[in-house]
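K.L.:
Take this sequence and fold it.
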Amino acid sequence: MGGQGDGGFMTQVDHATIQAYLETDYQVYGDCPFTLNIGKACAELSALHKTYHSSGSAFITAANPFSRPLDPVLNRERHISLARELAARGFPFIDGTGKHPSNLWPGEASFLVFGLTLGEARDLGRNYGQNAIVWNGAGAVPELILLR
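P.N.:
Reported below is the predicted structural model:
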């Protein structure tokens, strides 16, 4: 059913979905927009880590849980809920969109979140029904973290 995932565990996420995540452009907005790509160091991200005094960040969405399309209104409500939770927990964040270059899947409203640990990022992703998150450690090289 699944294949090897992050950390060597078996995953429930199919290979085609994982491949799509790996190919996705994770667009970050704000004052100086840029794009994150899995496995590619990002100088802009490194600079933001310094700005926010953060050793890591996560790119997270609340949209389309388990990669099952939801009505756009429901996705928007989930996005607002995630924004409220991040603000209440004191995590600074920047708006973004995860978009596959094929344009076959609608872009997903997301956030680049600073100041959280990898464990906190995993928990947020799981709480919003996500298959994966993008984790950006101190080296500012985005990596796909499977959650299921």
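
K.L.:
tell me the contacts of S67?
P.N.:
Under the criterion of Cβ atoms under 8 Å, 6 or more residues apart in numbering, the contact list for S67 reads 13, 17, 131. All C-beta spots, glycine's among them, are computed from the backbone N, C-alpha and C.

K.L.:
State the distance from the nearest residue to the second one once chain neighbours are set aside to D14.
P.N.:
Okay, so that is T17. Taking Cβ to Cβ, 6 or more residues apart in numbering as the measure, T17 lies nearest to S67, with 5.5 Å between them; neighbours along the chain are not counted. S67 is 9 Å from D14, where distance means Cβ to Cβ, to the nearest Å.

K.L.:
Can I get the lowest-mean-pLDDT helix or strand in the chain as CSV, trimmed to CA atoms?
P.N.:
Of all regular secondary-structure elements in the chain, judged by mean pLDDT, DSSP states H and E, the least confident is helix 15-23 with a mean of 92. Presented in CSV, the C-alpha positions along helix 15-23 are these (Å, rounded to 0.1, in the frame of the first residue of the first chain):
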residue,chain,number,x,y,z
HIS,A,15,4.3,7.2,-4.5
ALA,A,16,2.7,9.5,-7.1
THR,A,17,1.5,11.9,-4.3
ILE,A,18,4.9,11.9,-2.7
GLN,A,19,6.5,12.7,-6.2
ALA,A,20,4.0,15.5,-6.7
TYR,A,21,5.0,17.0,-3.3
LEU,A,22,8.7,16.7,-4.2
GLU,A,23,8.0,18.6,-7.5
